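K.L.:
Sharing a model prediction with you, sequence too.
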Amino acid sequence: MSVSHTISRRRALTGGLAALVAAAGIPTLFAARPALAHDADCPYCKLKVVQDTKEQDNEVVLRYGRKRIEYRCVFCALAEAQTAQYKTGDVTVLAPSEKKAQPVVIERKGGKWSAPAGAVFVAVKQSHNHCQTTYRAFTTKAAFDAHVAKNQPLLKGAKPLDLNGLLAVAKGQ
Amino acid sequence: MERRHFLRAALAGAAGLALGPVLPPPAAAARQNQKKPLPELPKNLPWWLTNRDANHVFWTRGKYNFAVYKVRPLALDLNAVSVGHSMAYEDMVTGRTAQLETKTFARIDNVLKNPPRFAPSERFIGNTFSRRFGVLEQVFDQTHLLHSQTVDVLAEPSLSRAEKEAEIERLYEIYRTTTPYAITPLPLNMGYLYGQSYSRAFRNRYPKVNGLFWGYHWLQGAMYDALYGLTLEEQRKVYDVLGRQYHDVELYRTDRIFMPMTAEVSPRFSARFPHIANVFDNLHMLHDMVNDILVTEGLTRKQQDEQVTRAIWLVMEKAHEGYKPGDAPEPNGWRDYRHMEGMPGMGLMPDMTPEAMFMQGLGWMSLGECHHCSMPLPEGRDAWRAHSVTADGWTMRVRCPLCARDMSLETKGRAVLYVSTESPERPLVLISDDQGNLTPASDRGRDVVFLEQEASHAGCSEWSQAFTNRAAFDAFVAANPEYRGAKARTLAEWSALEGKRPDTYFKRQGPPGNPFDGAAEKKNEGSKP
């Protein structure tokens, strides 16, 4: 084994220990926290991508060719997908739903958009800081109703939208 | 040496230095909009800081001179940068500051879109500025020459990597010994330099033209990793990606929170030549300080001249003699030479510590760790083993080919992947299109094979590797029996893989918000929706 590999292993151990310490949650200013994903700012709205939690998924993924890019909300992903850069080619948007690990899969194939039967969306224009609440996908109308009821007054008067309705809201934004 | 410098003998023993110029005590870390008195001009400055001569340093002789024209679009873009700088400075000193964001911007923008075929001498465009600030012009000229010749060496295809590195070191020694106007190679504290009473005046009042300046600095930083270690064919293809980013995005960004640092956009070059990366960052900060001084309201002409002289002195090598990287006799002050952990080619940025820095769009991170898996990057003599990803205006070093591939796939737009192999002379350069399809930038990638046996990222630099050919792969497997039976994957096979989320990744945390301009106290509403 080369010297460099020995060094590499030693440093990896150091790094691994650092990660373990961080995971233990030592509360210092620059202490790290365990992350569920590699995170960055949303390419569309430039706000932080809200990470998934144990209870709820939040990260929206746009797949374009082999790219898989994270967005902050389904609005951002669909708005981006309708820009010139993504006009050609198929795209898939994985939009978190009310069920953990069961995203609503939105696709554009050959220029035609589709979503699973029964999927509904909430889209209410508020400060984009609240986009995790104001733009979401649901597998059923009942889940939409429960979400709207739980998030009053932010979602006051919210109407369920189908995919075409959401695309229209996101288009040209 | 005699042929290239007029001043060395006359200036090297400058008497003023013996008296030990002293700056007023540094203030604590700067805060935006904080009222501070105008700093005093230090006493007993060396006489050469106020000389009225028109000294000109010429190119060091070398077969590489003007090799940058082999990557012609880059050469032309650099020519336009010289014009843009000079036009703005000339307008600032001839009573046309009020039109900076309109007529000056339009004039510069036209040059950037229609660059001159040859590099103009800045003094012929900014002649009023050059006459008034002759010493500053000499500092700029001499350091810009180091910029130019370093790029020429990197772009010269007849030199080996080792020959290029040796020649760059020789050019640097010539730079710092020819005249006294060399900028310090130490990592200066950017928070202190950007925390003067006049700081940020230019950025706040003229965001479009400031955006152009910082766009130039982005290009002048990013070009090094675009050239370093690459063949001419690869350099041309990489600049096709970089040049597009420069013209479409970087020049017109007005949301940048700080000037681009060389190590942010050329981390491989900065790790190998930290002293030169520091010189360039200190030079760019001097540009910013001069901009701020010239547009700060209420300063008399004499005060402007004094502050420019002081700003020059703040970054001179002579002013920092006797110190070394890492020293910090004045933490957060003028004499604070700490650097970002894992990156000696980057001084501390405003309100940051060596452990964590804030990169726009990417958040807090350590430059000594892979941004994809958080594992430590190779250092020192092994630094060349790091890989890198260039996308969306940034360049990040990563620890293994998998990290490079997956990080590029998780980033919007085209990307450049620099993948180290078992040979420092034979890296693999891949271009990713908008959809993440990878293509080798030259035929050096023709025979490449990959090892990828995904496991914990604590060991990713071993189980994920690229080899120049099958024989090198087989030699590695033979020397490492734990990989017996491992599959040698072609580029096409490897490209189709998709790694899991790294088990070792953790997000560094710093203070909330943007550390540069008080945005932490503002409510961030995002940019578009």
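P.N.:
Good, I have the coordinates.

K.L.:
OK, now which residue of chain A is nearest to chain B?
P.N.:
residue A:65 (2.3 Å; C-beta to the nearest C-beta). In this view, the C-beta of every residue, glycine as well, is placed from N, C-alpha and C.

K.L.:
if I look at that residue, how far off is residue B:119?
P.N.:
40 Å (C-beta to C-beta, to the nearest Å).

K.L.:
okay, the two: which has more neighbours?
P.N.:
Each of residue A:65 and residue B:119 has its neighbours counted (other C-beta atoms under 10 Å in any protein chain shown); residue B:119 has more, 19 against 15.

K.L.:
Is the more buried one in contact with residue B:76, as I believe?
P.N.:
No: between residue B:119 and residue B:76 there is no contact under C-beta atoms under 8 Å: 9.5 Å.

K.L.:
Setting aside sequence neighbours, what's the nearest residue to residue 140?
P.N.:
Answering for chain A, as no chain was given. Spatially, and ignoring its direct neighbours in sequence, residue A:140 is nearest to residue A:118 (5.7 Å; C-beta to C-beta, 6 or more residues apart in numbering or on different chains).

K.L.:
hm, I was asking about chain B
P.N.:
residue B:122 (7.1 Å).

K.L.:
Tell me which residues touch that neighbour, please.
P.N.:
B:82, B:85-86, B:130, B:137, B:140-141 (C-beta atoms under 8 Å, 6 or more residues apart in numbering or on different chains).

K.L.:
any idea which of those residues is closest to chain A?
P.N.:
Using C-beta to the nearest C-beta, those come closest to chain A at residue B:85, 29.0 Å.

K.L.:
okay, now the domains of chain A?
P.N.:
Here chain A is described, according to automatic domain parsing, as comprising the domains A:1-34, A:60-170.

K.L.:
and residue B:261, which of those domains is closest to it?
P.N.:
domain A:1-34 (19.3 Å; C-beta to C-beta).

K.L.:
about what we covered before: adding mean pLDDT, write the domains of chain A out as a markdown table.
P.N.:
Listed next are the domains of chain A as a markdown table, based on pLDDT from 0 to 100:
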| stretch | mean pLDDT |
| --- | --- |
| domain A:1-34 | 39 |
| domain A:60-170 | 95 |
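
K.L.:
Export the ones you listed to a markdown table and append columns for distance to residue B:254.
P.N.:
As requested, the domains of chain A are exported to a markdown table (distance: least, C-beta to C-beta, whole Å):
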| stretch | distance to residue B:254 |
| --- | --- |
| domain A:1-34 | 30 |
| domain A:60-170 | 20 |
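
K.L.:
if you compare the ones you listed, which one is most tucked away?
P.N.:
Of all those, domain A:60-170 has the most neighbours on average by mean count of other C-beta atoms under 10 Å in any protein chain shown, namely a mean of 18.

K.L.:
from the chain's centre, how far out does that one sit?
P.N.:
9 Å (C-alpha atoms, centre = their mean, to the nearest Å).

K.L.:
quick revisit: mind listing which of the contacts of residue B:122 are in helices?
P.N.:
Residues of these located in helices (DSSP state H): B:82, B:85-86, B:130, B:137, B:140-141.

K.L.:
mind checking the end-to-end distance for stretch B:190-209?
P.N.:
Distance across stretch B:190-209, first residue to last, is 21 Å (C-alpha to C-alpha, to the nearest Å).

K.L.:
follow-up on the earlier one: can you tell me, leaving aside adjacent residues, what's nearest to the residue of chain A closest to chain B?
P.N.:
Nearest to residue A:65 is residue B:435, by C-beta to C-beta, 6+ apart, at 2.3 Å.

K.L.:
For the residue nearest to residue A:163 when sequence neighbours are not counted, grab phi and psi.
P.N.:
Closest residue to residue A:163 apart from its sequence neighbours, by C-beta to C-beta, 6+ apart: residue A:115 at 4.2 Å. When read as degrees, to the nearest 10, the backbone of residue A:115 gives phi -140, psi 160.

K.L.:
Residue A:115 and residue A:105 touch, don't they?
P.N.:
Yes: using C-beta under 8 Å, residue A:115 is in contact with residue A:105, at 7.4 Å.

K.L.:
how about low-confidence regions in chain B?
P.N.:
B:1-35, B:511-529 (pLDDT under 70).

K.L.:
what's the domain layout of it?
P.N.:
Annotated domains of chain B cover B:2-347, B:365-495 [automatic domain parsing].

K.L.:
hmm, back to that, the residue nearest to residue A:140 and residue A:143 touch, don't they?
P.N.:
No: with contacts counted by C-beta under 8 Å, residue A:118 stays clear of residue A:143, the gap being 9.8 Å.

K.L.:
before we move on, back to that, OK, contacts around the residue of chain A closest to chain B?
P.N.:
Residue A:65 neighbours (C-beta under 8 Å, 6+ apart): A:89, B:433-437.

K.L.:
next one: residue B:463
P.N.:
Counted by C-beta under 8 Å, 6+ apart, residue B:463 has contacts B:400, B:451-455, B:483.

K.L.:
Quick one: buried ones out of those?
P.N.:
B:400, B:451-452, B:483 (16 or more other C-beta atoms under 10 Å in any protein chain shown).

K.L.:
residue of the stretch 201-350 of chain B with the smallest distance to chain A?
P.N.:
residue B:255 (8.1 Å).
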